[in-house]
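K.L.:
Here you go, sequence then predicted model.
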Amino acid sequence: MSLRPSTAPPIQDMPPPGGYKKIDMGRYLPDRGPKGWQLWAGAATLIAYGFYQIGKTNKAAVQQKMQERKVRYALYPLMQAEADREYMERELVNLRREAEIMKGVTDGQGNPWTPGSSQFYSGTWMPRKLGHFMPKY
């Protein structure tokens, strides 16, 4: 059931005399962290420090490599002498074995085989391949 509309004028709420109290729309919030320029300055400082550390590390690595290289250069003659001595020991064993194997063999001109002589007659000395006459283990 509905009510009939009345003929009286509608009652409307009105503001109080003198108006409503003014509403302050400003926001009073605290600062949220550093300013933009401070972030940029901090990032630039960290990046510069990182590059400085990389440069320092690279210089130390270069110095370390140089020291290792100098040690290697100083030890190279000793290592080469040791390798030559081992080569000569192997060569002596190989020549003895060759003399034993080639006993009674002559070369192309009818001369007896000389252990260690070149079969190619090139005139230049070349070291033998390592393990050329070595037994297979």
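P.N.:
Looks like it came in fine.

K.L.:
quick one: low-confidence parts of this structure?
P.N.:
Counting by pLDDT under 70, the chain contains low-confidence ranges at 1-3, 118-137.

K.L.:
quick one, helices of the chain?
P.N.:
Taking DSSP state H to define them, one finds helices in the chain at 36-101.

K.L.:
How many residues are close by R96?
P.N.:
Around R96 there are 12 other residues, counting by other C-beta atoms under 10 Å. For the C-beta atoms, the positions are set from N, CA and C on the backbone; glycine is no exception.

K.L.:
That one - nearest residue in space that isn't next to it in sequence?
P.N.:
Ranked by C-beta to C-beta, 6 or more residues apart in numbering and with sequence neighbours excluded, the top spatial neighbour of R96 is P115, at 7.7 Å.

K.L.:
my read: that neighbour touches K103, true?
P.N.:
No. Look at P115 against K103 with C-beta atoms under 8 Å: they stay out of range, at 9.6 Å.
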